[in-house]
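J.: Fold the following for me, if possible:
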Amino acid sequence: MTVVSANRLELLQIADAVAREKGIDRKIVIEAMEEAIGKAAKARYGAETNIKAELNPKTGELRLARLQEVVDVVENYATQVTVEEARQKNPAAEAGDFISDPLPPLDFGRVAAQAAKQVITQKVREAERDRQYDEFKDRVGEIINGAVKRVEYGNVVVDLGGRGEAICRRDELLPRETFRTGDRIRAYVYDVRKETRGPQVFLSRTHPLFMAKLFMQEVPEIYEGLIEIKSVARDPGSRAKIAVYTRDGSIDPVGACVGMRGIRVQAVVQELGGEKVDIIPWSPDAATFVVNALQPAEVSKVVLDEDADRIDVVVDESQLSLAIGRRGQNVRLASQLTGFNIDILTEAEESERRQKEFSTRTELYMGALDVDEVVGQLLASEGFSTVEELAYIELDDLAQIEGFDAETAEELQTRARNFLEQRDAKLLAELKALGADDTVAQLEVFNLETRVALAKAGVKTLEDFADSTTDELFGYIEKKDGETRKISGPLMNSELARAEVDQLILKSRVILGWITEDDIVQPESEVEEVVA
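T.: Numbers count the residues shown, from 1 in each chain. All right, here's what the predicted structure looks like:
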């Protein structure tokens, strides 16, 4: 009896010790022990035998029982029993029930004990992995500290202090940044995945939000929500831009982030290995925001095209190199920060381009409407960029142009609509001649001219478009035998963005039933609002 009590006490002590050491629930350890003991018992009573082990979590008492399913016709006598035999033990037994027969205690041999140990080890490891995943899955977006455990091919494995490991891949480290075993490291948790070998925690020191979180730690006004970080753009290890904003008129958001004598921003710069940081005041006005983002360059004029997410910025000749930056760095970061495609022009280039566009539009109206140069220039100077705009503008608005009357306006609009009808008829005939069908028209963003360009490139049906890639449609650069060739695509001159065409390809695949809406992953915006 004394021996039995000692064994009971020992089992519970082992369960308690493992639960504390691994940081998992004691109940999980006891369930693992029960499964292990049941598996070991099968070595004694037969592998096909269904054995259930129960370990009392309070007393440590262990019970073994053989379970048999009650069936009408027995196919396996090791695990099944007939209804008649079952009712001898339990008169209420029915098919589908289980009959339990108690088994005597066992003295486990070395092999059975080893098998039990393996089961317990595996179960505890799985529970530990689940605990680690549950702990870190909600920490995505946080900065964590750890010690470098080892460095493998440039990838840094980080010890999280007994709570598991994380990895910071070589491409997520700052350029020229090296770590050695035992070094302290601070990084941003950007992903946690549950994999077969355990939870994988991925760290980054190049992620834009790493810098944003560093500013949150250094600037109390950001942490308290008085200042918002609207967007971040980084060229890791070299330069970064961060846009900040506040609704509190008594706070200077840029000054608060810089700190007294630059102490706050310097703390961030030091952590980022000397990366230069431009702190930009955010503005709800897109043009103002772009001007701020291009600092320290001075901007003369901004021309905004919101439909195309494009901005033309005009600068003085002396400011051109500063606005573009070394290897285009300044304008590239400004573009990432604002979400606009930014074109930098000098005043001379802008004037030349404007004159060229004016001449092109003048010639367009002269040819399409059969009017003289004076009328064509007048329409171009009024801001009409396409014949469609002229054809469908309110007649009264067209008649109000200086030099036009109601009769002239009506005649011009009639000619514009006739031109469009004739052009569309030609394009439809060309589509038919090319063998294209009308299925591509389901993607309403494509006009007839674009559909003809697609058809000439072999994209004649919705199936053809769905089977295309963005590179095929926009063109790409090919290097072969030491030579570089530019392969053109039917949408290379289109105003559509590549990301928009990506979504159109996915939409066409949904229409065709190749995929479902649930299969489409929405693209993440490069400009993220970090702190609400």
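J.: who's in contact with Val331?
T.: Applying Cβ atoms under 8 Å, 6 or more residues apart in numbering, one finds that Val331 lies in contact with Leu294, Ala323, Ile324, Gly325, Ile342, Ile344. C-beta coordinates here come from the backbone N, C-alpha and C atoms, glycine included.
J.: Out of those, flag the one nearest to Asn155.
T.: Relative to Asn155, the closest of the contacts of Val331 is Gly325; by Cβ to Cβ it sits at 31.1 Å.
J.: mind listing what the closest one touches?
T.: Gly325 is in contact with Val331, Arg332, Leu333, counting by Cβ under 8 Å, 6+ apart.
J.: What of Tyr245?
T.: Ile227, Glu228, Lys230, Pro253, Pro281, Trp282, Ser283.
J.: For the protein, name the helix or strand with the lowest mean pLDDT.
T.: Ranking every helix and strand in the chain by mean pLDDT, DSSP states H and E puts helix 2-22 at the bottom, with a mean of 58.
J.: now stretch 218-229: mean pLDDT?
T.: Mean pLDDT, stretch 218-229: 92.
J.: Tell me the buried residues in whichever strand in the chain runs longest?
T.: Looking across the chain with DSSP state E, the single longest strand is strand 184-195. For strand 184-195, a neighbour-count test (16 or more other Cβ atoms under 10 Å) marks Ile185, Arg186, Ala187, Tyr188, Val189, Tyr190, Val192 as buried.
J.: Go through those and name the one nearest Ala65.
T.: Checking these one by one against Ala65 (Cβ to Cβ), the nearest turns out to be Val192, at 40.9 Å.
J.: check contacts around that closest one.
T.: By Cβ under 8 Å, 6+ apart, Val192 lies in contact with Tyr133, Phe136, Lys137, Arg139, Val140, Pro199, Gln200, Val201, Phe202.
J.: Go again with 6 Å.
T.: Contact analysis of Val192 by Cβ atoms under 6 Å, 6 or more residues apart in numbering lists Phe136, Lys137, Val140, Val201.
J.: quick one: which of these sit in helices?
T.: Here DSSP state H is the test, and the contacts of Val192 give Phe136, Lys137 as lying in helices.
J.: Can you convert the contacts of Val192 into TSV and add a column each for neighbour count, distance to Val158 and pLDDT?
T.: Below are the contacts of Val192 laid out as TSV (neighbours: other Cβ atoms under 10 Å; distance: Cβ to Cβ, whole Å; pLDDT from 0 to 100):
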residue	neighbour count	distance to Val158	pLDDT
Phe136	21	12	78
Lys137	15	17	79
Val140	13	16	86
Val201	28	8	86
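J.: quick check: mean pLDDT across stretch 81-91?
T.: Here stretch 81-91 scores 72 as its mean pLDDT.
J.: cool, stretch 471-478 as well?
T.: Averaged across stretch 471-478, pLDDT comes to 85.
J.: Look at it and report the distance between its end residues.
T.: 11 Å (Cα to Cα, to the nearest Å).
J.: now do stretch 302-310
T.: Taking Cα to Cα as the criterion, the two ends of stretch 302-310 lie 11 Å apart.
J.: how about low-confidence regions in the stretch 101-250 of the chain?
T.: Low-confidence segments of the stretch 101-250 of the chain, defined by pLDDT under 70: 105-124, 127-128, 162-163, 196-198.
J.: that older thread, what is the most widely separated pair among the contacts of Val331?
T.: Longest distance between any two of the contacts of Val331 is 11.5 Å, between Gly325 and Ile342; criterion Cβ to Cβ.
J.: now the residue of the chain most remote from its centre: how far from Glu69?
T.: In the chain, the residue that sits farthest from the middle, by Cα atoms, centre = their mean, is Gln88; the gap is 63.7 Å. Distance of Gln88 to Glu69, given as Cβ to Cβ, to the nearest Å: 16 Å.
J.: I'd like the contacts of Gly325 as a markdown table, with secondary structure, distance to Ala93 and pLDDT appended.
T.: Formatted as a markdown table, those follow (DSSP: H, G, I helix; E, B strand; the rest coil; distance: Cβ to Cβ, whole Å; pLDDT from 0 to 100):
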| residue | secondary structure | distance to Ala93 | pLDDT |
| --- | --- | --- | --- |
| Val331 | helix | 81 | 91 |
| Arg332 | helix | 77 | 92 |
| Leu333 | helix | 76 | 93 |
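J.: Got the phi and psi for Ala287?
T.: For Ala287, the backbone dihedrals (degrees, to the nearest 10) come out as phi -60, psi -40.
J.: what's near enough to touch it?
T.: Contacts of Ala287 were listed using Cβ under 6 Å, 6+ apart, and they are Val302, Leu304.
J.: Just the element for Gly383, please.
T.: For Gly383, there is no host helix or strand (DSSP states H and E).
J.: and it, how many neighbours?
T.: Residues lying near Gly383 (other Cβ atoms under 10 Å) number 8.
J.: Distance of it relative to Ile311?
T.: For Gly383, the distance to Ile311 equals 18 Å [Cβ to Cβ].
J.: Is Val71 in contact with Val81, as I believe?
T.: No - if you go by Cβ atoms under 6 Å, Val71 and Val81 don't touch, sitting 7.4 Å apart.
J.: okay, these two: which has more neighbours?
T.: Val81 (22 against 17).
J.: about what we covered before: save the contacts of Gly325 as CSV, and put in distance to Gln266 too.
T.: Formatted as CSV, those follow (distance: Cβ to Cβ, whole Å):
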residue, distance to Gln266
Val331, 26
Arg332, 25
Leu333, 20
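J.: Nearest to Pro208 among these?
T.: Pro208 lies nearest to Leu333 out of those, by Cβ to Cβ, at 10.4 Å.
J.: for that closest one, what are its contacts?
T.: With contact set as Cβ under 6 Å, 6+ apart, Leu333 has these partners: Ala233, Lys241.
J.: do the one 10 residues further on as well
T.: Contact criterion Cβ under 6 Å, 6+ apart gives Asp312 as the residues in contact with Asp343.
J.: tell me the SS of the closest residue to Leu491 other than its chain neighbours?
T.: Closest residue to Leu491 apart from its sequence neighbours, by Cβ to Cβ, 6 or more residues apart in numbering: Leu473 at 4.5 Å. Remark: Leu473 carries the secondary structure label helix [criterion: DSSP: H, G, I helix; E, B strand; the rest coil].
J.: mind checking how far Leu473 is from Asp502?
T.: 10 Å.
J.: between the two, who's got more neighbours?
T.: Taking other Cβ under 10 Å, Leu473 and Asp502 do not tie; Leu473 has more neighbours (24 against 15).
J.: All set, thanks.
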